[in-house]
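**Student:** The following comprises the amino acid sequence and a computationally predicted model.
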Amino acid sequence: MNRALWSRVFKIALNFWPCIWSSGGRITHLSEDFTLLRIRLPLSWRTRNRVGTIYGGSMYSSTDPFFMLMLMEILGREFVVWDKAGNIRFKRPAQETLYVEFRITPEMLAAVRETVARAKEGSFTWTIELRSASGVVHAEIEKTIYVAQKSFYREKLASRSRLTEKTE
(Lines give C-alpha, C1' and ligand atoms only; values in the text may rest on other atoms or scores of the structure.)
Protein backbone atom coordinates (compact mmCIF):
# COMPACT_ATOMS: atom_id res chain seq x y z
CA MET A 1 0.00 0.00 0.00
CA ASN A 2 1.45 3.42 -0.87
CA ARG A 3 2.25 5.88 1.96
CA ALA A 4 -0.51 8.38 1.12
CA LEU A 5 -3.21 5.72 1.22
CA TRP A 6 -1.69 4.04 4.29
CA SER A 7 -1.65 7.30 6.27
CA ARG A 8 -5.34 7.92 5.44
CA VAL A 9 -6.33 4.37 6.41
CA PHE A 10 -4.22 4.62 9.59
CA LYS A 11 -5.89 7.92 10.58
CA ILE A 12 -9.41 6.53 10.05
CA ALA A 13 -8.60 3.33 11.94
CA LEU A 14 -7.16 5.27 14.89
CA ASN A 15 -10.22 7.53 15.07
CA PHE A 16 -12.36 4.40 15.52
CA TRP A 17 -9.97 2.64 17.89
CA PRO A 18 -11.98 2.41 21.17
CA CYS A 19 -9.36 3.96 23.46
CA ILE A 20 -8.93 6.93 21.11
CA TRP A 21 -12.59 7.30 20.20
CA SER A 22 -13.69 7.21 23.84
CA SER A 23 -11.28 10.03 24.79
CA GLY A 24 -13.38 12.43 22.72
CA GLY A 25 -10.40 13.49 20.62
CA ARG A 26 -10.21 13.21 16.83
CA ILE A 27 -7.21 13.05 14.56
CA THR A 28 -7.76 15.80 12.01
CA HIS A 29 -4.51 15.44 10.07
CA LEU A 30 -1.79 12.84 9.61
CA SER A 31 0.99 13.53 7.13
CA GLU A 32 1.98 10.88 4.60
CA ASP A 33 5.40 10.50 6.23
CA PHE A 34 3.91 10.26 9.77
CA THR A 35 5.93 13.24 11.03
CA LEU A 36 2.92 15.49 11.69
CA LEU A 37 -0.32 14.62 13.44
CA ARG A 38 -3.02 17.02 14.66
CA ILE A 39 -5.81 16.35 17.14
CA ARG A 40 -8.97 18.25 17.99
CA LEU A 41 -10.54 17.78 21.44
CA PRO A 42 -13.94 19.46 21.73
CA LEU A 43 -15.79 20.32 24.91
CA SER A 44 -18.80 18.00 24.66
CA TRP A 45 -21.01 15.81 26.81
CA ARG A 46 -18.33 13.07 26.48
CA THR A 47 -15.40 15.26 27.57
CA ARG A 48 -17.09 17.60 30.07
CA ASN A 49 -16.44 17.16 33.79
CA ARG A 50 -18.70 18.17 36.68
CA VAL A 51 -17.58 21.81 36.63
CA GLY A 52 -18.17 22.24 32.89
CA THR A 53 -14.59 22.07 31.61
CA ILE A 54 -12.74 19.41 29.63
CA TYR A 55 -11.93 16.45 31.84
CA GLY A 56 -8.18 16.06 32.44
CA GLY A 57 -8.39 12.36 31.59
CA SER A 58 -9.71 13.26 28.14
CA MET A 59 -6.85 15.72 27.68
CA TYR A 60 -4.26 13.07 28.47
CA SER A 61 -5.87 10.06 26.81
CA SER A 62 -6.53 11.95 23.58
CA THR A 63 -2.76 12.49 23.27
CA ASP A 64 -1.39 9.29 24.79
CA PRO A 65 -0.06 6.94 22.11
CA PHE A 66 0.76 9.17 19.18
CA PHE A 67 4.51 9.79 19.43
CA MET A 68 4.96 6.05 19.89
CA LEU A 69 2.74 5.15 16.92
CA MET A 70 4.33 7.77 14.67
CA LEU A 71 7.85 6.55 15.49
CA MET A 72 6.83 2.93 14.92
CA GLU A 73 5.69 3.85 11.41
CA ILE A 74 8.74 6.02 10.66
CA LEU A 75 11.41 3.67 12.01
CA GLY A 76 9.95 0.38 10.83
CA ARG A 77 10.02 -3.17 12.10
CA GLU A 78 13.70 -3.28 13.08
CA PHE A 79 12.99 -1.13 16.14
CA VAL A 80 11.02 -1.50 19.35
CA VAL A 81 9.15 1.63 20.42
CA TRP A 82 7.34 1.99 23.75
CA ASP A 83 5.68 4.78 25.68
CA LYS A 84 7.81 4.93 28.80
CA ALA A 85 6.36 7.83 30.81
CA GLY A 86 3.93 10.69 30.62
CA ASN A 87 3.34 13.79 32.68
CA ILE A 88 0.59 16.39 32.34
CA ARG A 89 0.65 19.90 33.75
CA PHE A 90 -2.67 21.69 33.72
CA LYS A 91 -2.32 25.41 33.07
CA ARG A 92 -5.95 26.54 33.00
CA PRO A 93 -9.43 25.00 32.71
CA ALA A 94 -10.65 24.44 29.16
CA GLN A 95 -14.15 25.58 28.30
CA GLU A 96 -13.58 25.40 24.55
CA THR A 97 -12.18 23.05 21.92
CA LEU A 98 -8.49 22.28 22.28
CA TYR A 99 -5.93 21.41 19.60
CA VAL A 100 -2.59 19.66 19.76
CA GLU A 101 0.10 19.09 17.17
CA PHE A 102 2.60 16.24 17.27
CA ARG A 103 5.62 16.98 15.13
CA ILE A 104 8.68 14.78 14.72
CA THR A 105 11.31 17.04 13.21
CA PRO A 106 14.34 15.88 11.23
CA GLU A 107 16.47 16.88 14.24
CA MET A 108 14.39 14.75 16.62
CA LEU A 109 14.57 11.79 14.25
CA ALA A 110 18.34 12.23 13.81
CA ALA A 111 18.80 12.24 17.60
CA VAL A 112 16.79 9.01 17.89
CA ARG A 113 18.71 7.31 15.10
CA GLU A 114 22.14 8.45 16.39
CA THR A 115 21.46 7.46 20.00
CA VAL A 116 20.07 4.05 19.09
CA ALA A 117 22.89 3.39 16.60
CA ARG A 118 25.46 4.20 19.30
CA ALA A 119 23.85 2.78 22.46
CA LYS A 120 21.37 0.28 20.95
CA GLU A 121 18.57 1.97 22.95
CA GLY A 122 17.50 5.37 24.24
CA SER A 123 14.74 7.36 25.89
CA PHE A 124 13.51 10.63 24.44
CA THR A 125 11.28 13.20 26.15
CA TRP A 126 9.18 15.55 24.06
CA THR A 127 6.58 18.13 25.09
CA ILE A 128 3.29 18.96 23.42
CA GLU A 129 0.72 21.61 24.33
CA LEU A 130 -3.05 21.52 24.28
CA ARG A 131 -4.10 24.95 23.01
CA SER A 132 -7.31 26.79 22.29
CA ALA A 133 -7.94 28.17 18.79
CA SER A 134 -6.60 31.52 20.02
CA GLY A 135 -3.32 29.87 21.10
CA VAL A 136 -3.85 29.85 24.87
CA VAL A 137 -2.08 26.86 26.46
CA HIS A 138 -4.39 24.83 28.71
CA ALA A 139 -2.09 21.87 29.39
CA GLU A 140 1.46 20.72 28.69
CA ILE A 141 2.14 17.04 28.27
CA GLU A 142 5.59 15.50 28.43
CA LYS A 143 5.97 12.12 26.76
CA THR A 144 9.00 9.89 27.21
CA ILE A 145 9.47 7.35 24.45
CA TYR A 146 11.81 4.36 24.57
CA VAL A 147 13.41 3.17 21.31
CA ALA A 148 15.72 0.18 20.85
CA GLN A 149 17.09 -1.98 18.10
CA LYS A 150 14.83 -5.02 18.03
CA SER A 151 17.74 -7.51 18.23
CA PHE A 152 19.18 -5.70 21.27
CA TYR A 153 15.77 -5.54 22.95
CA ARG A 154 15.15 -9.28 22.46
CA GLU A 155 18.54 -10.09 23.98
CA LYS A 156 17.82 -7.74 26.90
CA LEU A 157 14.53 -9.55 27.60
CA ALA A 158 16.23 -12.95 27.31
CA SER A 159 18.89 -11.83 29.83
CA ARG A 160 16.19 -10.77 32.26
CA SER A 161 14.49 -14.14 31.90
CA ARG A 162 17.75 -15.97 32.60
CA LEU A 163 18.34 -13.84 35.71
CA THR A 164 14.82 -14.50 36.94
CA GLU A 165 15.24 -18.25 36.47
CA LYS A 166 18.50 -18.21 38.45
CA THR A 167 16.95 -16.40 41.41
CA GLU A 168 13.92 -18.68 41.68
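**Tutor:** Yep, that arrived.
**Student:** so where's this structure shaky on pLDDT?
**Tutor:** Under the criterion pLDDT under 70, the flagged ranges of the chain are 163-168.
**Student:** Quick check: the gap between the spatially most central residue of it and Arg3.
**Tutor:** Nearest to the geometric centre of the chain sits Phe66, at 2.6 Å (C-alpha atoms, centre = their mean). As judged by C-beta to C-beta, to the nearest Å, Phe66 and Arg3 stand 18 Å apart. Just so you know, the C-beta spots here come from the backbone N, C-alpha and C atoms, and that holds for glycine as well.
**Student:** cool, and Ser62?
**Tutor:** Going from Ser62 to Arg3 by C-beta to C-beta gives 25 Å.
**Student:** Could you do Ala110 as well?
**Tutor:** 20 Å.
**Student:** Which one of these two is surrounded by more residues?
**Tutor:** It is Arg3, of Ala110 and Arg3, that has more neighbours when counted by other C-beta atoms under 10 Å, with 13 against 10.
**Student:** The more buried one contacts Thr35, doesn't it?
**Tutor:** No. Taking contact to mean C-beta atoms under 8 Å, the distance of 11.4 Å between Arg3 and Thr35 leaves them out of contact.
**Student:** Surely Glu140 forms part of a strand?
**Tutor:** Yes. Membership of Glu140 in a strand is supported by DSSP: H, G, I helix; E, B strand; the rest coil.
**Student:** how about the closest residue to it other than its chain neighbours, phi and psi?
**Tutor:** Beyond its immediate neighbours in the sequence, the residue positioned closest to Glu140 (C-beta to C-beta, 6 or more residues apart in numbering) is Arg89, lying 4.7 Å away. Per-residue torsions, Arg89: phi -120, psi 110 (degrees, to the nearest 10).
**Student:** Many thanks, I have nothing further to ask.
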